[in-house]
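**Student:** sequence isn't available, so here's the structure alone:
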DNA sequence: TTTATTATTGACATTTTTATCAATAGAGCC
DNA sequence: GGCTCTATTGATAAAAATGTCAATAATAAA
């Protein structure tokens, strides 16, 4: 054929678990960098450095790769959120900080948008258990009633998701420093906790 | 061919504008109901009740259909947001109400997720002009400095987007009535305005 | 009515994406 | 070494999605 020896590269043979991990990691990189539309069979295989057929051998179909990735990322997110309830007794800045960190981890915005779009928002029920734990911790360790704790969590999640999804874009749009949207949101949260007087002012 | 007369349906001939409108409306219905992955050429054509080739005749490619839809929906959203500055002099509940309404209109969540994912968040610059108008109105008519007005807008947008995207899911998840997340968010906003003392508590 | 224009369409072609399959080749075990 | 198991792969098929084109038929204008 050619003068250049193609130098037959030895195959890498992984355990099934390692192979799946390799594939999912590749898929996650693609999702974070380019969004779900980049999760084509050929793209994932290329990113993982293996043949298309190998991906199918371990997952059966590209859809199952996507499902598995979604579940993995949701599980990771839940784990990080759960870490919030480990921080301290008070629902103060430290906790909020950790929560916002959890939602700003690379790819969470993409994951959220992906979930929203795939209609698989039902998968959010995976979060239920975690949320209940956090609520329990809060009302255990503070003076808040469970209802108050629940509201605080909901407010935190809404804010953190909003910041995670649109914080960067908003800061840029308004010509503010990068973390400004986040700081603002955390200030809102702190103020919320600091002024329980008007607690039920909403409905 | 067959005993059954296929009854040759007369063609509908639209003006180019009406044809484009018909197609975009169909595409929007699909987007809202099923997400962007449903915006296939065949699907859009079927929903619009015309042949695939007709879609291509008016838009050239399915990508241009998607781009046009995106632009249309962003423009609509901007118009609704702009309406906020028409409401009243004070940045109080009425304004927030309108803003939240704008973000909870059917499909906005899908649009936002879509924008986030397509990387075309750059298109968010379309919003810049509108935002500047709102900021100007606010600092004109109230005692707020421009910086304060900007922060209020940013907070409102983050909250409204968060509620628009995850409000329903969150309320369900926590076993609360449908509008609870929204009420909570609006309460946060009101509290923010009511306690300017800790205004700069964030950074 | 006749003609010109062009929106509309079905049939077909092209491209893209996914899936199948038989053969190859690591790795542990005898 | 020889053997088994199976992860891996290239070639190929199948399916899905997009786009092309020439013919058809509404509609307005002459």
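**Tutor:** Here it is on my side, so go on. This structure is a prediction, so every number in the text was calculated from the model and none was measured.

**Student:** C-alpha only now, for contacts and for neighbours.
**Tutor:** Will do.

**Student:** can you give the domain ranges for chain A?
**Tutor:** A:13-60, A:70-197 (automatic domain parsing).

**Student:** so of those, which one's packed in deepest?
**Tutor:** Most buried of the domains of chain A by mean neighbour count (mean count of other Cα atoms under 10 Å in any protein chain shown) is domain A:70-197; its value is a mean of 19.

**Student:** what mean pLDDT does it have?
**Tutor:** Domain A:70-197 shows a mean pLDDT of 79.

**Student:** check stretch A:21-37 too.
**Tutor:** Stretch A:21-37 carries an average pLDDT of 96.

**Student:** is chain B contacted by that stretch?
**Tutor:** Yes. Using Cα under 8 Å from any Cα of the partner chain, stretch A:21-37 comes into contact with chain B via A:34, A:35, A:36.

**Student:** which parts of chain A sit against DNA strand C?
**Tutor:** A:10-13, A:39-42, A:52-53, A:56, A:60-63 (Cα under 7 Å from any atom of the strand).

**Student:** at 10 Å instead, please
**Tutor:** For chain A, the residues in contact with DNA strand C (Cα under 10 Å from any atom of the strand) are A:8-15, A:37-45, A:51-57, A:59-66.

**Student:** longest helix anywhere in chain A?
**Tutor:** helix A:146-173 (DSSP state H).

**Student:** after the helix or strand hosting residue A:45, heading C-terminal, what element do we hit next?
**Tutor:** Using DSSP states H and E, residue A:45 falls within helix A:41-48. Next helix or strand after helix A:41-48 toward the C-terminus (DSSP H and E): helix A:52-59.

**Student:** helices or strands next to that following helix in the packing?
**Tutor:** In terms of contacts (3 or more Cα pairs under 8 Å, 6 or more residues apart in numbering or on different chains; DSSP states H and E), helix A:52-59 is packed against helix A:16-34, helix A:41-48, helix A:62-87.

**Student:** what does that helix contact?
**Tutor:** A:16, A:19, A:20, A:23, A:41, A:42, A:45, A:46, A:61, A:62, A:65 (Cα atoms under 8 Å, 6 or more residues apart in numbering or on different chains).

**Student:** make sure residue A:80 is actually in contact with residue A:102.
**Tutor:** Yes. Taking Cα atoms under 8 Å as the definition, residue A:80 is a contact partner of residue A:102 at 5.6 Å.

**Student:** what residues does residue A:44 make contact with?
**Tutor:** Residue A:44 sits in contact with A:23, A:26, A:27, A:30, where contact means Cα under 8 Å, 6+ apart.

**Student:** can I get the helices and strands packed on helix A:52-59 in TSV with distance to DNA strand D?
**Tutor:** Below are those laid out as TSV (distance: least, Cα to the nearest atom of the strand, whole Å):
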stretch	distance to DNA strand D
helix A:16-34	5
helix A:41-48	8
helix A:62-87	12
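
**Student:** residue B:152: which of these is closest?
**Tutor:** Residue B:152 sits nearest to helix A:62-87 of all the helices and strands packed on helix A:52-59, at 27.3 Å, using Cα to Cα.

**Student:** tell me what the closest one is packed against?
**Tutor:** Helix A:62-87 makes packing contacts with helix A:16-34, helix A:52-59, helix A:93-104, helix A:108-118, helix A:128-141 when contacts are defined by 3+ Cα pairs under 8 Å, 6+ apart.

**Student:** if we go to 10 Å?
**Tutor:** Judged by 3 or more Cα pairs under 10 Å, 6 or more residues apart in numbering or on different chains; DSSP states H and E, the packing partners of helix A:62-87 are helix A:16-34, helix A:41-48, helix A:52-59, helix A:93-104, helix A:108-118, helix A:128-141.

**Student:** of all those helices, which one is nearest residue A:188?
**Tutor:** helix A:93-104 (10.8 Å).
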